[in-house]
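Visitor: sequence first, then the predicted structure, then my questions.
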Amino acid sequence: MLDVEKLKAGYGMLPVLHDVSLSLEKGETLVLLGRNGVGKTTLLKSLIGINKPTSGSIRLNGTEVTGWAPNRLAKAGVAYVPQGRGIFPKLTVEENLLVGLRSRADGRKTVPEEVLDMFPILRERLSQFGGTLSGGQQQILALARALCGDPELFLLDEPSEGIQPSIVQQIGELLVTVNRNTNLTVLLVEQNLELARRAASRCLVMEKGRISGNLSKSDLNDERKVFQALAL
Amino acid sequence: MSQIPSDTGSSTRSRSRVLVSLSLLFLLAMYIAPLYVGVYSASLFRDAMLFGLMALGLDYLWGKTGVLSFGHATFFGAGAYGAAIISTQFGMDPSYGAWLGLLGGILFSCLIAFIVGYFLIFGGVRGSYFTIVTLALGVISVHVVLTFSEYTGGDAGLLGVPPLSFPTVDGFRPLSQLGQYWFVMTTVCAVTCGMWWLCSGRYGALLKSIEDNEQRAQALGHNTSLHLLIVFVGSAVIAALGGALYASSVGVVATDSVNLILSTQAIIFVAIGGRGTLFGPVLATVCVIWLEQEVSSINVQLWPLFMGLLFILAVFVFPDGVLKRAEALFSMIRPVSGPGGRA
């Protein structure tokens, strides 16, 4: 459903991505592993249109979407959960979710029950300000808000960052459930191997702005292969 | 445990009931005030409320989306000059000329805001860069007024702008001083309440999300540039309504309704009244202008000193505005306990 070909992107004069190519099948969860500063976040930002690619092409379900604005991509079914959660601290939990409804195709104006069923903790805190939630709850809110837009493709940037292990585990389970129930396609950028192993159907490794290797689901359980791929 | 939430709910409700009745009393007092304080004071309040509309327009932009315009007097002035030029320079019957002027002034301001706003906002100009460009807009507009003096009257301004007329039993009659006061009062109340209603629901949340982080709001599917342009044009229209009504009720338009001092004052009104509260800036405008009259009647030179003092107070003592501070004091008198009490 997503085909990226020879994508180049960067910040100003500084190139970060060099000819990145990858493709996602509908319903799979692709994990992108890599150390700090190899261009994982830049790749996600280019896919949602926040960074304009300098060359290459991005196709979504066969449509050329290279250079589209973020709001247009969001309406086309791409949801992006940035690193560091990116919720709106001054809005209540409910308002955060309401703002996320815009990209739905059905024009629904209220928070869908199934999203709240998935995240019961949010239902208890609907009138609380987003900024008063704990880090893990904020991450859950960010995921729920993205799901409110009824997306086809989920771009997740390090959801485990700075969150206690039990919540990371919960998020991993949630991703698997969501992926199974709604046939959502997920591109997950992670440094947490545990979460990657739990959620992935396959895995790519990035290094210095290039895709340097790939690992199957079974490879992920083989520590030697993982370390070799990550050049640790 | 189940007792606590219901208690909080009823106390919040009684609190808001007190607030509503206080506001209604205040409104009633404002409506009958001219019968007691005389026509001069009433006209002072009327003008203050029209400047309040400008502050309201600025608050819609600055308070709700965080985009600061340093040239909002341009839109107030465009409304005022538009109304004055249309109603005086074309030899129209004042009974409908005044109304056409009102409409034309607003449209003129709307057009300027649309053109400037389109290129700035869709060109990606934000933050302090936006503020500086609007500052330049204010400077340019004063020069335009002075240059085209054959239409604008230059430094002397335009005189004889007709007041609005309403149909009565014996044909169209211009509004009396009192009639103007009540008309302006009603308009300002209606616009302020309308804006408050508009910004209270999902739309308000959307604007706040744009203020918080525009990129995130955009990534959730919102066309943030379009929203900002609509807010910018809307805020200009509100300011222009104030300006056009000002022209028709005072009868005179001069450069002091476009200059930089007025733009600065608009920002001070909003800061003192409380950014994003909508009602606050309107109230603050009326209070500050009333204070200006009182202080200036002692000594004209005192006022700039007072204005500076007020601004320092606004920054240090009530950074959220007088209204929020008053609300905090009010809560101390009638405390709302528990998590249900959202200020």
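Guide: All right, it came through fine. Numbering: from 1, shown residues only, chains lettered A, B, ... in the order given.
Visitor: residue of chain A closest to chain B, please.
Guide: A:Ser103 (3.0 Å; Cβ to the nearest Cβ). Glycine gets a C-beta too; all of them are placed from N, C-alpha and C.
Visitor: next one: phi and psi at the nearest residue to that residue once chain neighbours are set aside?
Guide: Counting by Cβ to Cβ, 6 or more residues apart in numbering or on different chains, A:Ser103 lies nearest to B:Gly221, which is 3.0 Å off, once chain neighbours are set aside. Note on B:Gly221: its backbone torsions stand at phi 100, psi 10 [degrees, to the nearest 10].
Visitor: list, one by one, the residues from chain A near chain B.
Guide: Taking Cβ under 8 Å from any Cβ of the partner chain as the contact definition, chain A meets chain B at A:48-50, A:69-71, A:74-75, A:79-80, A:82, A:86, A:88-91, A:95-96, A:98-100, A:102-103, A:109, A:127-128, A:145-146, A:149.
Visitor: in helices only, show me these.
Guide: Members of those lying in helices (criterion: DSSP state H): A:48, A:70-71, A:74-75, A:95-96, A:98-99, A:145-146.
Visitor: for those, which one is nearest B:Gln265?
Guide: B:Gln265 has its nearest neighbour among these in A:Glu95, at 32.8 Å by Cβ to Cβ.
Visitor: what is the neighbour count of the closest residue to B:Arg275 other than its chain neighbours?
Guide: The shortest distance from B:Arg275 to any non-neighbouring residue, by Cβ to Cβ, 6+ apart, is to B:Gly63 (4.2 Å). B:Gly63 has 27 neighbouring residues, counting by other Cβ atoms under 10 Å in any protein chain shown.
Visitor: ok so B:Gly63 is a helix residue?
Guide: Yes: B:Gly63: assigned to a helix according to DSSP: H, G, I helix; E, B strand; the rest coil.
Visitor: residue contacts, it?
Guide: B:Gly63 is in contact with B:270, B:274-278, B:281, counting by Cβ atoms under 8 Å, 6 or more residues apart in numbering or on different chains.
Visitor: so how far is B:Tyr60 from the residue nearest the centre of chain A?
Guide: The C-alpha lying nearest the average C-alpha coordinate of chain A belongs to A:Leu156 (Cα atoms, centre = their mean; 1.5 Å). For A:Leu156, the distance to B:Tyr60 equals 36 Å [Cβ to Cβ, to the nearest Å].
Visitor: with B:Lys324 instead?
Guide: From B:Lys324 across to B:Tyr60, the span is 18 Å (Cβ to Cβ).
Visitor: neighbour count: those two, which is higher?
Guide: Neighbour comparison, B:Lys324 and B:Tyr60: the larger count goes to B:Tyr60, with 26 against 18 (by other Cβ under 10 Å).
Visitor: which residue ranges form the helices in chain A?
Guide: Under DSSP H, chain A gives helices at A:40-48, A:70-75, A:93-99, A:113-118, A:120-124, A:135-148, A:165-182, A:193-199, A:223-229.
Visitor: one step back: so who does the residue nearest to A:Ser103 touch?
Guide: A:71, A:74-75, A:102-103, A:149.
Visitor: what residue in chain B comes nearest to chain A?
Guide: B:Gly221 (3.0 Å).
Visitor: how much space separates that residue from B:Ala190?
Guide: 33 Å.
Visitor: for the one helix or strand B:Val139 maps to, name the packing helices and strands.
Guide: Here B:Val139, judged by DSSP states H and E, is contained in helix B:127-147. Helices and strands in packing contact with helix B:127-147 are listed as helix B:72-89, helix B:94-122, helix B:260-273; criterion 3 or more Cβ pairs under 8 Å, 6 or more residues apart in numbering or on different chains; DSSP states H and E.
Visitor: now tell me which helix or strand of chain A has the poorest mean pLDDT.
Guide: Scoring the helices and strands of chain A by mean pLDDT, DSSP states H and E places helix A:223-229 at the bottom, with a mean of 81.
Visitor: buried stuff in it?
Guide: Within helix A:223-229, the residues scored as buried using 16 or more other Cβ atoms under 10 Å in any protein chain shown are A:226, A:229.
Visitor: just checking the distance from that helix to the centre of its chain.
Guide: How far helix A:223-229 lies from its chain's middle: 24 Å, per Cα atoms, centre = their mean, to the nearest Å.
Visitor: other residues contacting it?
Guide: By Cβ under 8 Å, 6+ apart, helix A:223-229 touches A:33, A:193, A:205, A:212-215, A:219-220.
Visitor: ok, back up a step: show me which of the residues of chain A next to chain B are buried.
Guide: In terms of neighbour count (16+ other Cβ under 10 Å), the buried residues within the residues of chain A next to chain B are A:48-50, A:69-71, A:74-75, A:79-80, A:82, A:86, A:88, A:91, A:95-96, A:98-100, A:102-103, A:128, A:145-146, A:149.
Visitor: follow-up on the earlier one: most packed of the helices and strands packed on helix B:127-147?
Guide: Stretch with highest mean neighbour count among the helices and strands packed on helix B:127-147: helix B:72-89 (a mean of 30; mean count of other Cβ atoms under 10 Å in any protein chain shown).
Visitor: by contact count, what packs against it?
Guide: Under the contact criterion of 3+ Cβ pairs under 8 Å, 6+ apart, helix B:72-89 touches helix B:3-58, helix B:94-122, helix B:127-147, helix B:149-152, helix B:224-250, helix B:260-273.
Visitor: now do 6 Å
Guide: Contacts defined by 3 or more Cβ pairs under 6 Å, 6 or more residues apart in numbering or on different chains; DSSP states H and E place helix B:72-89 against helix B:94-122, helix B:127-147, helix B:224-250, helix B:260-273.
Visitor: returning to that earlier point: so the residue nearest to the centre of chain A sits against A:Leu188, correct?
Guide: Yes: applying Cβ atoms under 6 Å, one finds A:Leu156 in contact with A:Leu188, separated by 4.8 Å.
Visitor: next, show the common contact partners of these two.
Guide: Counting by Cβ atoms under 6 Å, 6 or more residues apart in numbering or on different chains, A:Leu156 and A:Leu188 have no contacts in common.
Visitor: got a list of what B:Thr224 touches?
Guide: Going by Cβ under 6 Å, 6+ apart, B:Thr224 touches B:210, B:214, B:217-218.
Visitor: and with 8 Å instead?
Guide: Counting by Cβ under 8 Å, 6+ apart, B:Thr224 has contacts A:71, B:210, B:214, B:217-218.
Visitor: next, give me the two most distant ones among these.
Guide: Farthest pair in the contacts of B:Thr224, by Cβ to Cβ: A:Asn71 and B:Ile210, 11.5 Å.
Visitor: name the residues contacting each of these two.
Guide: B:222, B:224.
Visitor: what about residue 56, how many neighbours?
Guide: Here I'm looking at chain A. Counted with other Cβ under 10 Å, A:Gly56 comes out at 18.
Visitor: that answer is for a different chain, and I need it for chain B
Guide: 31.
Visitor: now swap in B:Pro319 and tell me
Guide: As a burial measure, B:Pro319 scores 12 neighbours (other Cβ under 10 Å).
Visitor: helix/strand/coil for it?
Guide: coil.
Visitor: for the stretch 151-300 of chain B, which residues are neighbours of chain A?
Guide: B:202, B:205-206, B:208-209, B:211-213, B:215-224.
Visitor: how about 7 Å then?
Guide: B:202, B:205-206, B:208-209, B:212-213, B:215-223 (Cβ under 7 Å from any Cβ of the partner chain).
Visitor: before we move on, back to that, list the buried residues of the helix holding B:Val139.
Guide: The neighbour-count check on helix B:127-147 (16+ other Cβ under 10 Å) flags B:130-131, B:133-135, B:137-138, B:141-142, B:145 as buried.
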